[in-house]
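Colleague: Have a look at this prediction, sequence included:
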Amino acid sequence: MTWMRDILPLRARANIRDAWLKMRLERLLPELLKREHIDMWLVVCREYNEDPVVMSLLPATSMSARRRTMLVFARDATGNVERLTLSRYGYAGFHEPAWDPDVETQHACLARIIRERDPGRIGINTSQLFAFGDGISHNEYELLCDALDETFLPRLVSAERLCVGWLERRLPEEITAYAQLVELGHQIIARAFSTVVIHPGITTTDDVVWWMRQTMQDAGVQAWFQPTIDIQAPGLSFAFLGNGDARTVIQPGDLLHCDMGFHYLGLATDQQQHAYVLRPGESDAPPGLREALAAGNRLQDIHMAEMQVGRSGNEVLFAALEKARAEGIRPQIYTHPLGVHGHAAGPLVGLWDQQAGVPGIGDYPLFDDTVYSIELNIAHKVPEWGGQDVRIMLEEDAVLTDGEMRWLHGRQEALYLVG
């Protein structure tokens, strides 16, 4: 496939990711430490029990933490940030080595550095709300407390918002590259929803799922969840939790739905689109299905307009649902952040089973230069199917930058036609 040639070799990817990391450490970290009023940030974890944030702070050649990895970020009165590593294995060019194992223990070194810099607020990764901010294990927390004297123990504070801010914020360079990732996803879906892959009456939904998995693998990107292919047809409706009796062989007249996403260059995509399998003699999908997709697009427009800097996820959810319902749309919205992770750090805008808001994570505000998977669905009656409801489930990736939402690589506005 010609588009596979655009996938960079591993060394080039590592160089790009490391260049981004240096820029992020120099540009973003001082700003975020100041925003969250944290004077020192400690990231402590052990090999194979990694903190959710630590790999985003290490160079691309790091496959895991090593033994016990300690990173210390100390902000001085001028706003400059000192980046230290108290680890046996260094990270040249990213974090300055600060521990000599022949002189003192790791925790003694950490305690000394804290005493010398005398930070007012020491952020550690503990959180009741965000998994991304809760990375320090119970044992590592106890060892840290044992190493500190009574002067500094009261200065320990949660760094959850710092963790989320670090993970969710994107550089302009990352946003530019993100569009290419999303385009690649669209190309995979377009090929999957074609007669190159689908032969009605023969091909099963699992055949298409595994074609997607294999294609991503062959292209050199990594799926972060198992793709899905679902069928809706007269008498066959979509079920969120699966339908054990659902037909799996794709037939003419089916409405197909896919969900797929992958990691590339340290960033994740997440996309859902639809296709219609033409019946003999048809040249387009029934008008009712086309109208349903248009209703889904309208919900996207309403939702995108409500995604505004400073609003909480719940505020966006309530406003978008209210406006959609006023237009006669039957909506569900369950948008989530995208970035280093697929279901990433930042505010949730609903969950499919929590349309009355998501306490806590849904109360977190939207910040500029953040990326989201605009995920939603509408129910719409299709006259050609005897008035049966269909669900149009759309998921497209978008960025909030310069105070405005925009699609990273467009969206689906017409059904793919198979046949």
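Modeller: That came through, no problem.

Colleague: any idea how far residue 164 is from the residue nearest to residue 312 when sequence neighbours are not counted?
Modeller: The shortest distance from residue 312 to any non-neighbouring residue, by CB to CB, 6 or more residues apart in numbering, is to residue 363 (4.9 Å). All C-beta atoms are positioned from the backbone trio N, CA, C, and that covers glycine. Going from residue 363 to residue 164 by CB to CB, to the nearest Å gives 12 Å.

Colleague: And for residue 378?
Modeller: 30 Å.

Colleague: Equivalent analysis for residue 106, please.
Modeller: On the measure of CB to CB, residue 106 and residue 164 end up 27 Å apart.

Colleague: okay, the two: which has more neighbours?
Modeller: The residue with more neighbours, out of residue 106 and residue 164, is residue 164; 26 against 19, by other CB atoms under 10 Å.

Colleague: tally of neighbours for the closest residue in space to the more buried one that isn't next to it in sequence?
Modeller: Among residues not flanking residue 164 along the chain, residue 345 sits closest, at 4.3 Å (CB to CB, 6+ apart). Residues near residue 345, counting by other CB under 10 Å, number 29.

Colleague: go on, residue 337?
Modeller: Neighbour count for residue 337, taken as other CB under 10 Å: 27.

Colleague: pretty sure it belongs to a strand, no?
Modeller: Yes: membership of residue 337 in a strand is supported by DSSP: H, G, I helix; E, B strand; the rest coil.

Colleague: in the sheet, who's paired with the residue nearest the centre of the chain?
Modeller: Most central in the chain under CA atoms, centre = their mean is residue 338, positioned 2.4 Å from the mean C-alpha point. For residue 338, the beta-bridge partners under DSSP bridges are residue 371.

Colleague: For residue 393, see how far away it is.
Modeller: Distance of residue 338 to residue 393, computed by CB to CB: 17 Å.

Colleague: With residue 325 instead?
Modeller: As judged by CB to CB, residue 325 and residue 393 stand 18 Å apart.

Colleague: Over to residue 282?
Modeller: With CB to CB as the criterion, residue 282 and residue 393 are 23 Å apart.

Colleague: How about residue 121?
Modeller: From residue 121 to residue 393 the distance is 44 Å (CB to CB).

Colleague: With neighbour numbers in mind, choose between these two.
Modeller: Comparing residue 121 with residue 393 by neighbour count (other CB under 10 Å), the higher total belongs to residue 393, at 23 against 16.

Colleague: Buried residues of stretch 125-140, list them for me.
Modeller: Neighbour-count burial for stretch 125-140 flags 125, 126, 127, 129, 130, 132, 133, 134, 135, 136, 140 (criterion: 16 or more other CB atoms under 10 Å).

Colleague: Which residues are in contact with the first one?
Modeller: For residue 125, the set of contacting residues under the criterion of CB atoms under 8 Å, 6 or more residues apart in numbering consists of 42, 43, 51, 53, 133, 134, 135, 136, 158, 159, 160, 163.

Colleague: These into JSON lines, with extra columns for secondary structure, pLDDT and distance to residue 302?
Modeller: Shown next, in JSON lines, are the contacts of residue 125 (DSSP: H, G, I helix; E, B strand; the rest coil; pLDDT from 0 to 100; distance: CB to CB, whole Å):
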{"residue": "42", "secondary structure": "strand", "pLDDT": "98", "distance to residue 302": "43"}
{"residue": "43", "secondary structure": "strand", "pLDDT": "97", "distance to residue 302": "39"}
{"residue": "51", "secondary structure": "coil", "pLDDT": "94", "distance to residue 302": "38"}
{"residue": "53", "secondary structure": "coil", "pLDDT": "96", "distance to residue 302": "34"}
{"residue": "133", "secondary structure": "helix", "pLDDT": "95", "distance to residue 302": "31"}
{"residue": "134", "secondary structure": "coil", "pLDDT": "94", "distance to residue 302": "34"}
{"residue": "135", "secondary structure": "coil", "pLDDT": "95", "distance to residue 302": "36"}
{"residue": "136", "secondary structure": "coil", "pLDDT": "96", "distance to residue 302": "41"}
{"residue": "158", "secondary structure": "strand", "pLDDT": "97", "distance to residue 302": "35"}
{"residue": "159", "secondary structure": "coil", "pLDDT": "97", "distance to residue 302": "35"}
{"residue": "160", "secondary structure": "helix", "pLDDT": "97", "distance to residue 302": "31"}
{"residue": "163", "secondary structure": "helix", "pLDDT": "98", "distance to residue 302": "31"}
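
Colleague: Helices of the protein, start to end?
Modeller: 10-23, 29-35, 106-117, 138-147, 160-168, 172-192, 205-219, 287-306, 313-326 (DSSP state H).

Colleague: Residue 227 is nearest to which of those helices?
Modeller: In terms of CB to CB, the element of these nearest to residue 227 is helix 205-219, at 4.4 Å.

Colleague: Just the CA atoms of that closest one, as CSV, please.
Modeller: Extracted in CSV, the C-alpha atoms of helix 205-219 (Å, rounded to 0.1, in the frame of the first residue of the first chain):
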residue,chain,number,x,y,z
THR,A,205,-17.0,-8.9,10.8
ASP,A,206,-14.0,-10.6,12.4
ASP,A,207,-12.3,-10.9,8.9
VAL,A,208,-12.4,-7.1,8.7
VAL,A,209,-11.3,-6.7,12.3
TRP,A,210,-8.2,-8.8,11.8
TRP,A,211,-7.5,-7.1,8.4
MET,A,212,-7.4,-3.8,10.3
ARG,A,213,-5.1,-5.3,13.0
GLN,A,214,-2.8,-6.8,10.5
THR,A,215,-2.7,-3.7,8.4
MET,A,216,-1.8,-1.5,11.4
GLN,A,217,0.9,-4.1,12.3
ASP,A,218,2.3,-4.2,8.8
ALA,A,219,2.3,-0.4,8.6
